[in-house]
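Undergrad: here is the input, now give the coordinates:
(chains A and B)
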Amino acid sequence: MLNPIVRQSLRLAAMALLASGGALASPLARAGDAKAGADVFKSECAECHAVKEGRNKKGPSLFGIVGRKAGSVTDYDYSDALKQSPWTWTPQQLHTYLSQPAKIANPGTKMKYDGLTDATQLDDLISYLDTLH
Amino acid sequence: MLPISNRRHAIRAALATLLLFLASTAAHAIPAYARQTGAACADCHAGSYGPALTPYGMRFKLNGYTDTDGKGHKIPLSMQLIESHSAPARGDSSTQLSEGDLYLAGRLTDQVGGYVKIEADHTGHNTYNTRLSNIDLRFVAKELKVHGKEALFGVSVNNSPGFTDPVGTLPAFSTLVRAGVTGTLLNPSSPNSLANRVIGASVYGLYDSNWYGEVGTYRSLPTSQQDHLGYNVAGDPGRLSDTGYVRLAYMKDMKRQFFSAGVVGLTTKRQLPRSGPSDDLTDLGYDLSYQYLGNREHIVQVAYVNILERRDYGSAPVIGGVQARDHGNVHDQTASVTYTFRQSYGLSVSHMKSTGSNDVARYGPSGSPDTTSNLLTVFWTPFGRDDSYTSIANLKLAANWFRFTRFNGRGDDIFFAPPGARPTNAGDLNAFFVTASLAF
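TA: Got it, this is the predicted structure:
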């Protein structure tokens, strides 16, 4: 017979396990592979975005993108749609934005991107973007 | 026996086409575009130095050279210098500054952009001939909707049919020219070719990002204007009428891979010489291309072009006592494979074949204009990538082996040397040359 303290501990452990299982099932919480994400970046993003600080291409520099307020690179000429957006580029916001065509995610944006539907590649990409500091 | 005049003509044609080939190794790498867009040379060109385009480079061209990083106007000027050492199989080796180019290239507005190349070619004895090379001035209407799909429409004023094509496999844009005694209208290395000696306009459209169509028409420049623009009037394409160009291609960009399949046509009535009878010439061709781009570490580009020209001559003269045929055809084919490692190191192999119907009066005693040649190139481009010292200028060092296996339909004694004279074999036209190209 287990004493109440042990039973309570087991219940908490089971809940934590379930919670972590649930988290693993969510694409938002999957830890991506940043190294693989660098390859995804080269295929999907690098023609229009540089990772070097202060270097804009057709799109703004993605240095420090994770955690940055949308439309905040000072020397880049954003669309009004992005300038007026209230977003901050958290991993969750990037996931939402990049998993669908940009024109649907942010009508009026200048960005021409059809979206990345491969969830693994998207997680890898966001993990890579998170290293750009 | 080939008449003396025909033999001289054949030799001149062979040398001219070979020289043209050497000159055509000039690439279309335009650092002014890199400054304008903030992009690296490698974004538009797999080997960081043109002309072969990546899908991104094709989109830039389709957009009328107007894409920008939004940081105001840049000076739309670039230069290219090419130092070359050539070592022909027969003849003296030489080293010279073989070409200097000035590019006026960039955007004027969000809808208007262009490309103009002024080229100075070494012609021997420290002299250079300056000429107006390709021009392509565009107006483009972007981000339109047709039946719910994205569409783009543009107008181009240009001077070479096929140069405007986004895929870049057609002879007018590719550096792969087929040296030979004759060739199709779409081939800029053909004798009396249209390239840069005509002026015309085409309208083009891109539907749903994949379907490309273009129609255009051209007329030849008066010989006096050709002369003023730096061209020897001996290469006059003649008086052209009813000239039409049409192109349809399907292009699929899958980010890591790309493929295209297209058809092309060019038709004209040509009077050459201008006071002479009119020939009906019609080119019909198709091309296929594939690119493996992956993460850009290893890039493979494969292209195949097949163009057939039908000729109905306006006259059938007697040349050297032989009656010329009143019709014929010419068939140009090119296959090429290029591998590029880390957007800097490349190996390219090309096979070029030109054949035509037999005509002893027009092509000499062999009666055949058939030419087969190969080109092997290795190159290194140290700059032009996002992670290199500079991403907006570049140097290209290339070693090229150009090899003929057939000329005038023959491998040996291609010019029918008279008894006692040393014969010229197809292999005698082979050449090895090294080039150092600098674009900034």
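
Undergrad: how about the residue of the stretch 251-400 of chain B found nearest chain A, what does it touch?
TA: Per Cβ to the nearest Cβ, B:N295 is where the stretch 251-400 of chain B lies closest to chain A, at 3.9 Å. Just so you know, the C-beta spots here come from the backbone N, C-alpha and C atoms, and that holds for glycine as well. Under the criterion of Cβ atoms under 8 Å, 6 or more residues apart in numbering or on different chains, the neighbours of B:N295 are A:A38, A:D39, A:K42, A:S43, B:R256.

Undergrad: how near is the residue lying closest to it once chain neighbours are set aside to B:H298?
TA: Sequence neighbours aside, A:D39 is the residue nearest to B:N295 in space, at 3.9 Å (criterion: Cβ to Cβ, 6 or more residues apart in numbering or on different chains). Note on A:D39: its distance to B:H298, by Cβ to Cβ, to the nearest Å, is 12 Å.

Undergrad: looking at residue 24 now. What's its pLDDT?
TA: As the question left the chain open, I've gone with chain A. Per-residue pLDDT puts A:L24 at 38.

Undergrad: nope, chain B please
TA: pLDDT, B:S24: 48.

Undergrad: for the one 3 residues further on, same thing?
TA: Reported pLDDT at B:A27 in the predicted model: 45.

Undergrad: with the one 10 residues further on instead?
TA: Here the pLDDT value assigned to B:T37 is 92.

Undergrad: my read: it touches B:G57, true?
TA: No - using Cβ atoms under 8 Å, B:T37 is not in contact with B:G57; the gap is 10.5 Å.

Undergrad: so which of the two has more stuff around it?
TA: More crowded of B:T37 and B:G57, by other Cβ atoms under 10 Å in any protein chain shown: B:T37, with 27 against 24.

Undergrad: can you tell me the closest non-neighbouring residue to that one?
TA: Counting by Cβ to Cβ, 6+ apart, B:D67 is the residue found nearest to B:T37 once chain neighbours are left out, at 5.1 Å.

Undergrad: residues contacting that neighbour?
TA: Neighbouring residues of B:D67 by Cβ under 8 Å, 6+ apart: A:K58, B:Q36, B:T37, B:R59, B:F60, B:R107.

Undergrad: mind checking the SS state of the fifth one?
TA: In three-state terms, and counting by DSSP: H, G, I helix; E, B strand; the rest coil, B:F60 is helix.

Undergrad: from B:R296, how far out is the closest residue in space to it that isn't next to it in sequence?
TA: Spatially, and ignoring its direct neighbours in sequence, B:F60 is nearest to B:D67 (5.4 Å; Cβ to Cβ, 6+ apart). Per Cβ to Cβ, B:D67 is found 19 Å from B:R296.

Undergrad: pLDDT weak spots in the chain?
TA: No chain specified, so I'll use chain A. For chain A, applying pLDDT under 70 flags the ranges A:1-30.

Undergrad: try again with chain B
TA: Chain B contains residues with pLDDT under 70 at B:1-29, B:175-179.

Undergrad: quick one, helices of it?
TA: Per DSSP state H, chain B carries helices over the ranges B:4-23, B:31-37, B:41-44, B:55-62, B:223-228, B:360-363.

Undergrad: interface residues of chain A facing chain B?
TA: Taking Cβ under 8 Å from any Cβ of the partner chain, the part of chain A that reaches chain B is made up of A:38-39, A:42-44, A:46-48, A:50-52, A:55-58, A:75-77.

Undergrad: and those residues, which of them are buried?
TA: Buried positions within the residues of chain A next to chain B, assessed by neighbour count (16 or more other Cβ atoms under 10 Å in any protein chain shown), are A:38-39, A:42-44, A:46-48, A:50-51, A:55-58, A:76.

Undergrad: taking these together, which two end up most distant?
TA: For those, the maximum inter-member distance is 25.3 Å, found between A:D39 and A:Y76 (Cβ to Cβ).

Undergrad: look up the residues forming beta bridges with B:R247.
TA: B:E214, B:V264 (DSSP bridges).

Undergrad: these two touch, right, it and B:S260?
TA: No - counting by Cβ under 8 Å, B:R247 does not reach B:S260; the two are 11.4 Å apart.

Undergrad: ok, for whichever residue of the stretch 51-200 of chain B sits closest to chain A, nearest residue in space, not its chain neighbours?
TA: The nearest approach of the stretch 51-200 of chain B to chain A comes at B:G70, 3.6 Å away (Cβ to the nearest Cβ). Nearest non-adjacent residue to B:G70, counting by Cβ to Cβ, 6+ apart: A:D77, 3.6 Å away.

Undergrad: could you count how many residues lie near B:A201?
TA: 13.

Undergrad: now it: how far from B:A105?
TA: From B:A201 to B:A105 the distance is 19 Å (Cβ to Cβ).

Undergrad: same question for B:Y128.
TA: From B:Y128 to B:A105 the distance is 21 Å (Cβ to Cβ).

Undergrad: of these two, who's got more company?
TA: B:A105 (21 against 16).

Undergrad: ok but A:Q93 is inside a helix, no?
TA: Yes - membership of A:Q93 in a helix is supported by three-state DSSP.

Undergrad: wait, what's in contact with the residue lying closest to it once chain neighbours are set aside?
TA: Excluding the flanking residues, the one nearest A:Q93 by Cβ to Cβ, 6+ apart is A:W87, at 5.3 Å. By Cβ under 8 Å, 6+ apart, the contact list for A:W87 reads A:K69, A:A70, A:Q93, A:Y97.
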